[in-house]
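[1] kindly return the folded structure for what I paste below:
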Amino acid sequence: MYAVFGDSYVTRLKTFTGKNLKFEGSNIKFYDRPGMSTRHKYEEQLNQLCEDRPQYVFIIIGGNDINTATTPATIAENLKTLVKEMKWCGIERVFFMSICQRGKFRDRSMTEVVYRKMKTSVNDKMRHFLKSDYVNGDMHIKYPQHFSGDGVHLNQSGLKKLKRVIFKTFKKTV
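    Next up is the predicted model:
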């Protein structure tokens, strides 16, 4: 079984696909919550994921954590803990898609430059930790062309790209 776990990117992908996403004849299950971050808001989804115990999980989380009150090291440690919790549940492989650039932020003192530096630092730490299970989202999903007018969420083109990235990643398991 395959699964996708994460924030509003996952919620919007689930809506975009009509909750019907299949890979290799298997339904891909969604575990999502808008606003999900590594600090909170994912316990219910994680518990359900662990109960269902898919073999492979693609996670999209971390962008909501970036603000001027936290550090990249803290975010990366939270992400590593999440991956370890998933593996502890019996999940064979956890793929992490890097945090993508965005243009608008909840934190009014955040700028695109600071956000880029922070997400790059988190992504570097996760690439080192996960090695081949790290997925470079920025390589496929570009800001601003794949983002909606709000500067935060993916547009239709971005959701199509995300779907392709997930399929390409899951092909590593076949």
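[2] in this structure, which helix has the most residues?
    helix 112-130 (DSSP state H).
[3] right, and the helix or strand after that one?
    strand 134-135 (DSSP states H and E).
[4] how about residues contacting that next one?
    By Cβ atoms under 8 Å, 6 or more residues apart in numbering, the residues outside strand 134-135 that reach it are 58, 95, 96, 97, 98, 123, 126, 127, 165, 169. Where you see a C-beta, it was placed from the backbone N, CA and C, and this is true even at glycine.
[5] which ones among the residues you listed are found in helices?
    Residues of those located in helices (DSSP H): 123, 126, 127, 165, 169.
[6] go ahead and confirm the last one touches residue 58.
    Yes - counting by Cβ atoms under 8 Å, residue 169 touches residue 58, with 5.8 Å between them.
[7] quick revisit: so which other helices or strands are in contact with the longest helix of the chain?
    In terms of contacts (3 or more Cβ pairs under 8 Å, 6 or more residues apart in numbering; DSSP states H and E), helix 112-130 is packed against helix 72-88, strand 93-97, strand 134-135.
[8] in it, what's buried?
    Buried residues in helix 112-130, counting neighbours by 16 or more other Cβ atoms under 10 Å, are found at 115, 116, 118, 119, 121, 122, 123, 125, 126, 127, 129, 130.
[9] between strand 93-97 and that helix, find me the angle.
    Taking axes from the mean of the first three to the mean of the last three Cα atoms, to 10 degrees, one finds that helix 112-130 is oriented at 160 degrees with respect to strand 93-97.
[10] identify the residue nearest residue 150 in space, chain neighbours excluded?
    Excluding the flanking residues, the one nearest residue 150 by Cβ to Cβ, 6 or more residues apart in numbering is residue 104, at 6.2 Å.
[11] give the helix, strand or coil label for that neighbour.
    Following DSSP: H, G, I helix; E, B strand; the rest coil, we place residue 104 in the coil state.
[12] ok, it touching residue 153?
    No - the criterion here is Cβ under 8 Å, and residue 104 misses it with residue 153 at 9.7 Å.
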